[in-house]
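Asks: can't give you the sequence, but here's the structure:
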């Protein structure tokens with residue numbers, strides 16, 4: 001029985017025509033990312049409850065503040081924990097605990113590894129801007145082709161389903 005080799009141009013044409021459908025399969029949408037974020041908030045709340053708040057009480061800094069409550073030692077330290085958690089987990093593991101549990105990871109759209117700049121823009125600057133507007137920019141994930149949030153667009157990253165990494169790599173090489 002003869003096997004027929006697929007025509008490479010036909011394959012590229014098929015992939016290009018169905019790219020939006022492939023993006024739906026490969027990139028994580030709003031719901032899994034939202035649930036991963038909720039898990040991450042629980043982890044951060046736990047870290048703050050177990051470590052940060054007792055340390056602040058131990059050092060008598062729990063009531064310390066500059067001018068207004070927003071600049072209290074408690075708010076500053078808890079914000080540092082929040083941003084450091086996301087930045088360090090993404091830098092070292094490409095995923096936070098929430099993303100790991102749901103089988104997601106952060107990928108660079110430029111190449112294989114995330115740069116320090118991408119991590120800082122995504123996890124610190126992008127998250128700060130998104131949170132400053134009550135989290136509304138996170139809803140952009142619903143409407144973009146690759147399900148990117150504003151913070152992903154700043155850093156040229158996307159959240160991808162782990163089990164689809166190979167398919168994503170194969171698509172990139174077939175379109176090159």
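Replies: On my side now, so go ahead. Here the structure is a predicted model, which means the values were calculated and not measured.
Asks: OK, contacts around residue 77?
Replies: 52, 56 (CB atoms under 8 Å, 6 or more residues apart in numbering). From N, CA and C alone the C-beta is placed, and that goes for glycine too.
Asks: ok, and the closest non-adjacent residue to residue 125?
Replies: Distances taken as CB to CB, 6 or more residues apart in numbering place residue 154 nearest to residue 125, at 6.5 Å, with adjacent residues excluded.
Asks: Tell me, how many residues neighbour the one you found?
Replies: Counted by other CB atoms under 10 Å, the residues lying close to residue 154 total 18.
Asks: helices or strands next to whichever strand or helix holds it in the packing?
Replies: Counting by DSSP states H and E, the element that carries residue 154 is helix 150-155. The contact analysis (3 or more CB pairs under 8 Å, 6 or more residues apart in numbering; DSSP states H and E) places helix 150-155 against helix 116-120, helix 127-132.
Asks: burial of residue 132, as a residue count?
Replies: The burial count for residue 132: 10, using other CB under 10 Å.
Asks: Same question for the one 5 residues further on.
Replies: By the measure other CB under 10 Å, the count of residues near residue 137 is 18.
Asks: list the contacts for it?
Replies: Residue 137 touches 129, 130, 149, 150, 151, counting by CB under 8 Å, 6+ apart.
Asks: what separates the third one from residue 89, distance-wise?
Replies: Per CB to CB, to the nearest Å, residue 149 is found 17 Å from residue 89.
Asks: And the next helix or strand past the longest helix along the chain?
Replies: Looking across the chain with DSSP state H, the single longest helix is helix 73-93. Going down the chain from helix 73-93, the next helix or strand is helix 97-101, by DSSP H and E.
Asks: what helices or strands is that following helix leaning on?
Replies: helix 30-47.
Asks: Now do the helix it packs on, average pLDDT.
Replies: Mean pLDDT, computed over helix 30-47, is 97.
Asks: again with stretch 68-85
Replies: Rounded mean pLDDT across stretch 68-85 is 88.
Asks: chain center to that stretch, what's the gap?
Replies: The gap between the average C-alpha position of stretch 68-85 and the chain average comes to 21 Å, counting by CA atoms, centre = their mean, to the nearest Å.
Asks: List the buried residues of that stretch.
Replies: 72, 73, 74, 77, 78, 81, 82, 83, 85 (16 or more other CB atoms under 10 Å).
Asks: Then stretch 82-95?
Replies: In stretch 82-95, counting by 16+ other CB under 10 Å, buried: 82, 83, 85, 86, 87, 89, 90, 91, 94, 95.
Asks: again, but for stretch 97-108
Replies: Buried residues in stretch 97-108 (16+ other CB under 10 Å): 97, 98, 99, 100, 102, 104, 105, 106, 107, 108.
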